[in-house]
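Undergrad: Fold the following and give me the result.
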Amino acid sequence: MDLEKRPAHQAQSAPEGCLVVAIRIPVRIVVLVLVVPVRMLWDALVAGGRLLTDTVLRPAGRAALWLGRVVLVWPCVALWRYVVVPLAQGLGWLGYRLLVVPAVWTYRYVLTPVGHAISWLAAGVGAGCGWVARGVLAGLRWLYRWTVVPVGRSIAWLVVHLLVVPAGWLYRYVLTPVGHAIAWVAMGAVWLVRMIFTGLWLGVYWTLRVLLVLPALAVWRWVLAPVGRFLAAVGREIGEALGHAWRVAGRISLAVGRFLANLFRWLLVEPTRWVYRTVLTPAGHFVRDAVWKPVAAVGRAVGRTTRQALSTARETVRQARASVRSALFGQRAEPKPVHRREPRAAEARTLGSSTTALTKD
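TA: Numbering: from 1, shown residues only. This next block holds a predicted model:
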C-alpha cells in the first residue's frame, strides 16, 4: 500500500492489469529490503557531514580565510598603497616632466611651423600641377572628339555589317533548328532511361518489401512490442518501487534517528543535566559564597591597605626629599603675583571702569 497520496492524473488513469499488480508487490518488498540499509547509511552520512561541516570545516575555513587575508591580502594592499602607488606617481610626474613637456614644446614651437611651411609649399606645387593637368586634359579631350570618335564609329559600322548581321542570320536559320532537333532526341533518350530505371526500382522495392520489411514488421508487432511493453512495465514498477521504498526508508530512518537521539538524551544528556543542576550548581554556589567571596573581600582589603601604605610611603619620601633640598639649597623664591588687567570674577564691570589696554587710565 502507498504511504503517499497519488496525484489526480494518476488516480484517474486507466485500470491496471493483474500482471502489473502481481509484479508490483514482490518488487516493492524486495526493493524496500534492499533500500532501507542504504537510506539509513545515507542519512547517517548526511548527519555526520553536517556535524563535520559545522564543527570542523566551517571554523577551519574561516581561520584559513583570516590567515590568507593576514598573510596575502594585507601585505599586498600595504605594498600597493605605500610602495607601488607612490612609486607610480613619482614615475608619472618624472615622465611628464622629462617626456611630455619637451614633446609638447617641440610640437608647438618646431613641428607646427615646419608643417605649416610644408603645407604652403605643397599647396603651391599642387596648384601648378593642377594647371598643367587641366591643359593636358583639354588636349586629350580635343584629340578624342575629332580623332578617336570618328574612327570608332567607322569600326563599329564595319563590325556590325560584317560580323553581327551574318552571325544573327546563321543562329536564326541554321543553329536554332539543329538545336531543337538535338533537344528532342535528348528528351526521348532521357524518358527511355527514366522508364527503365523506374521499372528496376519498383522490382527492387517490392522484392525488399516482401523479403525484409514485412517479416521485420511482423517480428516487431508480434514479438518485440509485447516483450518491450513487459520490460517497460517491469522497469516502471521498479522505478516506482525505488521511489516508494526510498520514501518509506526515509521515514524509518527518521524514526530510528529520533529513537537514538531520545536514547542518547535520556542516557547521557538528561543525567548530565540533572547532575549539573542538582549537584554541581549548589556546590558551585556554596564554593562561591563560602570561599571565593571571602577570599575576594580579603584580597580587596589587602590591596586597599597596600595602596594606602604605598601612598603614605610616597608622601613621606616626597616630604623628606623636599626637606633635604631646602636644607641644601634654601627656599625657592616665591613668584610675585602679576596684576591682572581683567576684573576678577567677583567684581562687576561698570561704565567708569576700563577693562582693556586701550581705554585703561
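Undergrad: Around Val35, count how many other residues there are.
TA: As a burial measure, Val35 scores 23 neighbours (other Cβ atoms under 10 Å). Where you see a C-beta, it was placed from the backbone N, CA and C, and this is true even at glycine.
Undergrad: For it, report the pLDDT, please.
TA: Val35 is assigned 78 on the pLDDT scale.
Undergrad: Can you find the helix or strand in the chain with the smallest mean pLDDT?
TA: helix 8-11 (a mean of 44; mean pLDDT, DSSP states H and E).
Undergrad: In the protein, where is pLDDT below threshold?
TA: 1-24, 328-361 (pLDDT under 70).
Undergrad: Please identify the helix or strand for the most centrally placed residue in it.
TA: In the chain, the residue lying closest to the centroid (Cα atoms, centre = their mean) is Leu65, at 19.2 Å. With elements taken from DSSP states H and E, the one containing Leu65 is helix 58-68.
Undergrad: Export only the CA atoms of that helix, formatted as CSV.
TA: The C-alpha trace of helix 58-68 is given here as CSV (Å, rounded to 0.1, in the frame of the first residue of the first chain):
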residue,chain,number,x,y,z
ARG,A,58,33.5,26.0,8.6
PRO,A,59,35.7,27.1,11.5
ALA,A,60,38.8,25.8,9.6
GLY,A,61,37.7,27.7,6.5
ARG,A,62,37.2,30.9,8.5
ALA,A,63,40.6,30.5,10.1
ALA,A,64,42.2,29.8,6.7
LEU,A,65,40.4,32.8,5.2
TRP,A,66,41.6,35.1,8.0
LEU,A,67,45.1,33.7,7.8
GLY,A,68,45.1,34.2,4.0
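Undergrad: Now the element after that helix, going C-ward?
TA: Using DSSP H and E, the first helix or strand after helix 58-68 is helix 74-79.
Undergrad: which stretches of the stretch 51-200 of the chain form helices?
TA: 58-68, 74-79, 85-95, 101-106, 112-143, 149-159, 165-170, 176-208 (DSSP state H, counting those that start in this stretch).
Undergrad: Next, format those as TSV and append distance to Ala232.
TA: Output for those, formatted as TSV (distance: least, Cβ to Cβ, whole Å):
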stretch	distance to Ala232
helix 58-68	47
helix 74-79	62
helix 85-95	71
helix 101-106	82
helix 112-143	87
helix 149-159	83
helix 165-170	77
helix 176-208	30
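Undergrad: of all these, which lies closest to Ala225?
TA: Closest of those to Ala225 is helix 176-208, at 22.2 Å (criterion: Cβ to Cβ).
Undergrad: remind me, longest helix of this protein?
TA: helix 225-264 (DSSP state H).
Undergrad: other SSEs contacting it?
TA: Helices and strands touching helix 225-264, by 3 or more Cβ pairs under 8 Å, 6 or more residues apart in numbering; DSSP states H and E, are helix 18-52.
Undergrad: elements contacting the helix it packs on?
TA: helix 225-264.
Undergrad: Centre of the chain to the helix it packs on, how far?
TA: Here helix 225-264 is found 39 Å from its chain centre; the criterion is Cα atoms, centre = their mean, to the nearest Å.
Undergrad: again, but for stretch 53-64
TA: Distance, centroid of stretch 53-64 to centroid of chain: 23 Å (Cα atoms, centre = their mean).
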